[in-house]
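**Student:** sequence below, structure please.
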Amino acid sequence: MPDLKQFKLPDVGEGLTEAEIVSWKVRPGDEVKINDIIVEIETAKSLVELPSPYAGVIAELMVPEGVTVAVGTVIIAVDTDPSGAAGGASGADDAAVAGKADIPASARTADSETGVERTGVAGTAVTDMVPPIGGPVALAPEVGTPAEGEPVEPGLIGGPAPGGRTSVLVGYGPRETSAKRRPRKVVGDAAAATPSRAAESESQQLQPVTVSVPVAVPADVTVLAKPPVRKLAKDLGVDLLSVPPSGPNGTVTRADVEAAATRVDSVPGPAASYLPALVIDPGAHETRIPIKGVRKLTAQAMVTSAFTAPHVTEFLTVDVTRTVKLVERLKSHRDFTDARLSPLLVLARAMIIAVRRTPEINSTWDESSQEIVQKAYVNLGIAAATPRGLVVPNIKDAGAMSLRQLADALASLVATAREGRTPPQDMQHGTITITNVGVFGIDTGTPIINPGESAILAFGAIREQPWVVRGNIRVRKVTTIALSFDHRVVDGEQGSRFLADVAAILEDPSLALALG
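**Tutor:** Next comes the predicted model:
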């Protein structure tokens, strides 16, 4: 008998309640060892790879990719005694069914490999319609019938079924033998997959479905299509059952639906009388993106911050010519030859020094205890734009680092954030933040304070501009910095002094020796 172990989604951060299954790194039948990466999940803060707590063979993936589940939900079953699998197939099936009880029915109808929803008999889960792997099914003549005991592979075929209906059938073709190759789940005409109808269907001449107009079809035929494609078909009045699929695994694509709509619109005279009316609305030209993960957390944090902390923003234009020259000199220094250097490094050091001179800027407003908490350390946050949204990881105790250590920490933080691999702990307990809008060519902005902090500084684009130097006009490197601060914690005088200190060091980096 197999020994099935169920792995539940853990809490990978502080108080996280749910996560999305982004991608499975394993498939049923794969062998895994303890600590092998089995799945990548997305929490409200970051992408996280989860290792396997068991060694054995993957028995079942309980949650499809793209589905969000609560912490504690069973997401995978591992057979830790695969040698007993032959005598315990029914037990594995029971465990799989039991694991799916924690997943909404709508989630179980999504294909974990293609992300495509399936339409079938009302109230019937897709998994209930899958014929037993290895069971007899109808085969197209060109596919051939595998010899007894020969390994087989699913293949989608179709053709006219008895009674003039249009039927989509699933067959198995020969495949190469592989110890870790797994049979994939397939969906088709459940009735045609029974032993009694397999022999009858083999005598039929089966051809690929090329239906272009509505015809009588069995109720249990499934259509593979993503939700946006289904909506487009509904908007255009196209019956998905009448659309020949061209996508992978028999998936109906957007182009298939649009082509079908064109054919429907061009049908003349009486033939068009039974076709649905062509309806186009603005929804056909809209893209709906679910609010989840980092985007959801960012939205909640920004709303909380904007409507809780009274923001004040001050601006200062600065000549950073000497800072730019310093960065160029450091690049040729032996201690920095392999470091990633930019004016952002000098700004980070300037902020750390300015915090020591104005500690109020590095504080937190504690509403519950009615206290202002000043931090004796600087966890310097860097706002980073990623494909998943805005994240703000921070460099822990940045004030204790040397300039080279700070440069390495900045480079590592930015690279990890852009890859979407920032761990949750790196985005916690920040004390003050930099947002570098200059990398997008923006002069400056009015940034929103990161929740739990009291100030954020925006670093604008560095441009060559005319500038008065000792009474003469010169071309200089100039930027604008903007400081937003919580006026409950920081007074105008304190915020102005902090901003002036930062600007002074950017104008003359040698002041860091005197002020720091």
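
**Student:** pull the longest strand from this structure.
**Tutor:** For the chain, the strand with the greatest residue count under DSSP state E is strand 472-486.

**Student:** let's test this: mean pLDDT of the helix or strand that comes right after that strand, rounded?
**Tutor:** With elements assigned by DSSP states H and E, the helix or strand that comes after strand 472-486 is helix 492-507. Helix 492-507 shows a mean pLDDT of 96 in the predicted model.

**Student:** could you give the angle of helix 492-507 to strand 472-486?
**Tutor:** When axes from the mean of the first three to the mean of the last three Cα atoms, to 10 degrees is applied, the directions of helix 492-507 and strand 472-486 differ by 140 degrees.

**Student:** pull the residues that contact helix 492-507.
**Tutor:** Helix 492-507 is contacted from outside by 312, 314, 316, 318-320, 322-323, 343, 346-347, 349-351, 353-355, 357-358, 360-361, 455, 457, 479, 481, 483, 485, 490, 511-512, 515, using Cβ atoms under 8 Å, 6 or more residues apart in numbering. For glycine as for every other residue, the C-beta is placed from the backbone atoms N, C-alpha and C.

**Student:** next step: these restricted to helices.
**Tutor:** Judged by DSSP state H, the contacts of helix 492-507 include 322-323, 343, 346-347, 349-351, 353-355, 357, 511-512, 515 as members of helices.

**Student:** contact partners for the closest residue to Ile462 other than its chain neighbours?
**Tutor:** Across the structure, with Cβ to Cβ, 6 or more residues apart in numbering as the measure, the residue nearest Ile462 apart from its sequence neighbours is Thr479 (4.6 Å). When contacts are counted by Cβ under 8 Å, 6+ apart, Thr479 is found next to 317-318, 320, 343, 438, 443, 459-463, 506.

**Student:** and if we set it to 10 Å?
**Tutor:** Remark: with contacts taken as Cβ atoms under 10 Å, 6 or more residues apart in numbering, Thr479 is in contact with 316-320, 323-324, 343, 347, 438, 443-444, 459-463, 465, 503, 506.

**Student:** which among those end up buried?
**Tutor:** In the contacts of Thr479, burial by neighbour count holds for 316, 318-320, 323-324, 343, 347, 438, 443-444, 459-462, 503, 506, counting by 16 or more other Cβ atoms under 10 Å.

**Student:** follow-up on the earlier one: which among the ones in helices among the contacts of helix 492-507 count as buried?
**Tutor:** Looking at the ones in helices among the contacts of helix 492-507 with 16+ other Cβ under 10 Å, the buried ones turn out to be 322-323, 343, 346-347, 349-351, 353-355, 511-512.

**Student:** where does pLDDT dip in the stretch 201-350 of the chain?
**Tutor:** Residues of the stretch 201-350 of the chain meeting the criterion pLDDT under 70: 201-222, 263-285, 294-295.

**Student:** where along it do the strands fall?
**Tutor:** In the stretch 201-350 of the chain, the segments counted as strands under DSSP state E, counting those that start in this stretch are 223-225, 251-252, 311-319.

**Student:** dump the last one to PDB, restricted to CA.
**Tutor:** Included here for strand 311-319 are C-alpha records, laid out as PDB according to Å, rounded to 0.1, in the frame of the first residue of the first chain:
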ATOM      1  CA  HIS A 311       1.900  64.300   4.200                       C
ATOM      2  CA  VAL A 312       4.100  67.300   3.600                       C
ATOM      3  CA  THR A 313       6.400  67.400   0.600                       C
ATOM      4  CA  GLU A 314       9.400  69.700   0.200                       C
ATOM      5  CA  PHE A 315      11.600  70.100  -2.900                       C
ATOM      6  CA  LEU A 316      15.100  71.200  -3.500                       C
ATOM      7  CA  THR A 317      17.200  71.500  -6.700                       C
ATOM      8  CA  VAL A 318      20.800  70.500  -6.200                       C
ATOM      9  CA  ASP A 319      24.000  70.700  -8.200                       C
END
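
**Student:** that one pairs with which strands?
**Tutor:** Looking at strand 311-319 with DSSP bridges, its paired strands and their directions are strand 472-486 (antiparallel).

**Student:** average pLDDT across the partner strand?
**Tutor:** 96.

**Student:** stretch 24-36 too?
**Tutor:** Averaging pLDDT along stretch 24-36 yields 91.

**Student:** so which bits of that stretch are buried?
**Tutor:** By neighbour count with 16+ other Cβ under 10 Å, stretch 24-36 contains the buried residues 24, 26, 28-30, 32.

**Student:** and the two most separated of those?
**Tutor:** For those, with distances taken as Cβ to Cβ, the pair at the greatest spread is Trp24 and Gly29 (12.5 Å).

**Student:** and Ala455, how close does it get to Val378?
**Tutor:** As defined by Cβ to Cβ, to the nearest Å, Ala455 lies at a distance of 11 Å from Val378.

**Student:** common neighbours of those two, please.
**Tutor:** With contacts defined as Cβ under 10 Å, 6+ apart, the residues shared by Ala455 and Val378 are 351, 355, 362, 431-432.

**Student:** and the strands of the stretch 201-350 of the chain as CSV, adding distance to Leu4?
**Tutor:** Formatted as CSV, the strands of the stretch 201-350 of the chain follow (distance: least, Cβ to Cβ, whole Å):
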stretch, distance to Leu4
strand 223-225, 30
strand 251-252, 32
strand 311-319, 54
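
**Student:** what's the closest of those to Ala385?
**Tutor:** Proximity to Ala385, assessed across the strands of the stretch 201-350 of the chain by Cβ to Cβ, is greatest for strand 311-319 (20.3 Å).

**Student:** and the pLDDT at Glu176?
**Tutor:** According to the prediction, Glu176 has pLDDT 39.

**Student:** also Gln6?
**Tutor:** 90.

**Student:** going forward, count from 48.
**Tutor:** All set: I'll call the first residue 48, so the last point we hit is now Gln53.

**Student:** quick check, it in contact with Gly119.
**Tutor:** No: taking Cβ atoms under 10 Å as the contact criterion, Gln53 and Gly119 are not neighbours in contact, 11.1 Å apart.

**Student:** when the two are compared, which one has more neighbours?
**Tutor:** Of the pair Gln53 and Gly119, Gln53 is the one with more neighbours under other Cβ atoms under 10 Å, namely 16 against 13.

**Student:** what bridges to the more buried one?
**Tutor:** On the basis of DSSP bridges, Gln53 is bridged to Ala124.

**Student:** what about it, distance to Leu97?
**Tutor:** 14 Å.

**Student:** overlap in contacts, the two.
**Tutor:** Taking Cβ under 10 Å, 6+ apart as the criterion, Gln53 and Leu97 both touch 122-123.

**Student:** all helices for the stretch 248-397 of the chain, in order.
**Tutor:** According to DSSP state H, counting those that start in this stretch, the stretch 248-397 of the chain carries its helices in the segments 274-283, 301-313, 340-353, 368-378, 390-404.

**Student:** which one of these lies closest to Glu65?
**Tutor:** Distance to Glu65, taken as Cβ to Cβ, is lowest for helix 340-353 among the helices of the stretch 248-397 of the chain, at 9.9 Å.

**Student:** list the contacts of that closest one.
**Tutor:** Counting by Cβ under 10 Å, 6+ apart, the neighbours of helix 340-353 from elsewhere in the structure are 63, 65-67, 69, 88-94, 115, 336-338, 358, 433-439, 467, 469, 474, 495-500, 503, 531, 533.
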